[in-house]
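Chemist: Provided below for reference: sequence and predicted model.
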Amino acid sequence: MLLYIHGFNSSPLSDKAVLTRTYIEQHFPGVRLEQPQLPTSPKAAMELLIQLTEAAKARGEPLAFIGSSLGGYFASWLVEQYGGKAVLINPAVRPFELFGDYLGAQYNPYTDEHYQLLPQHQLQLIEFDTPVILNPDRFFVLLQTADEVLDYRQALGKYHCCEMLLESGGNHSFVGYGDKLGSICRFLHLS
């Protein structure tokens, strides 16, 4: 199974998710791709991701993850707990700290959902922190230095021991993502 995990206020309809789905369908039609719409609560989101991961593991499927931003944070925890490999795209490192700036009313333009981001959501995120990467060979991290949302240096510090592609410029969405899908799939050993 390949599990694509979108970021905060995003969805499987984002440009990266659509590019991923199209690429996998064209090049790896035998790979089961999961791209769930995550609930707004981090705890509920992780419960869904755990359910999908455990079901794939029970079927004996190899585990592969692509996580963007907050999705990278979730993917890190899943790989450290369940194994497999993950590609992280401009991953969030300490989102529980960032959420303090976003507390209150939120809107997801992909789902047209209005909701409240609450202090309890910050606490839920802390439960899934991986302060130290114990299995660096399981990660491939793609970073761009002009990410306007996250400070790429946090991810550079956390994942310094992992395979990494660091590009000057770009933005949070990772400019040129589609061009990296071949390298991403090779790292994940998709077949």
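Modeler: Received the coordinates, thanks.
Chemist: Could I get the buried residue list for stretch 169-176?
Modeler: Of the residues in stretch 169-176, 170, 172-174 count as buried by neighbour count, 16 or more other C-beta atoms under 10 Å. In this view, the C-beta of every residue, glycine as well, is placed from N, C-alpha and C.
Chemist: Please provide the alpha-carbon coordinates for it, formatted as CSV.
Modeler: Only the C-alpha atoms of stretch 169-176 are listed here, as CSV (Å, rounded to 0.1, in the frame of the first residue of the first chain):
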residue,chain,number,x,y,z
GLY,A,169,14.0,28.5,-3.6
GLY,A,170,10.7,26.9,-4.2
ASN,A,171,7.8,27.2,-1.8
HIS,A,172,5.7,25.2,0.7
SER,A,173,3.9,23.3,-2.0
PHE,A,174,7.3,22.1,-3.4
VAL,A,175,7.8,23.5,-6.8
GLY,A,176,8.5,20.8,-9.4
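Chemist: from the chain's centre, how far out does it sit?
Modeler: 15 Å (C-alpha atoms, centre = their mean, to the nearest Å).
Chemist: Stretch 53-69 now?
Modeler: Chain-centre distance of stretch 53-69: 12 Å, with C-alpha atoms, centre = their mean.
Chemist: Could you give the average pLDDT over that stretch?
Modeler: Stretch 53-69 shows an average pLDDT of 97 in the prediction.
Chemist: buried sites along it?
Modeler: 53, 56, 62-69.
Chemist: ok, now stretch 110-117?
Modeler: Buried residues in stretch 110-117, counted by 16+ other C-beta under 10 Å: 111, 117.
Chemist: contact partners of that stretch?
Modeler: For stretch 110-117, the external contacting residues (C-beta atoms under 8 Å, 6 or more residues apart in numbering) are 9-11, 13-14, 37, 40, 99, 102-108.
Chemist: now do stretch 144-153
Modeler: So stretch 144-153 is contacted by 69, 90-93, 98, 143, 166-172, 174-175 (C-beta under 8 Å, 6+ apart).
Chemist: Which of those residues fall in strands?
Modeler: Among the contacts of stretch 144-153, the ones falling in strands (DSSP state E) are 143, 166-167.
Chemist: most surrounded residue in these?
Modeler: Among the ones in strands among the contacts of stretch 144-153, residue 143 has the most neighbours (other C-beta atoms under 10 Å), with 22 neighbours.
Chemist: does residue 90 really touch residue 156, like I thought?
Modeler: No. Contact between residue 90 and residue 156 fails when scored by C-beta atoms under 8 Å: they sit 11.0 Å apart.
Chemist: Need the overlap of contacts for the two.
Modeler: Contact criterion C-beta under 8 Å, 6+ apart; residues shared by residue 90 and residue 156: residue 143.
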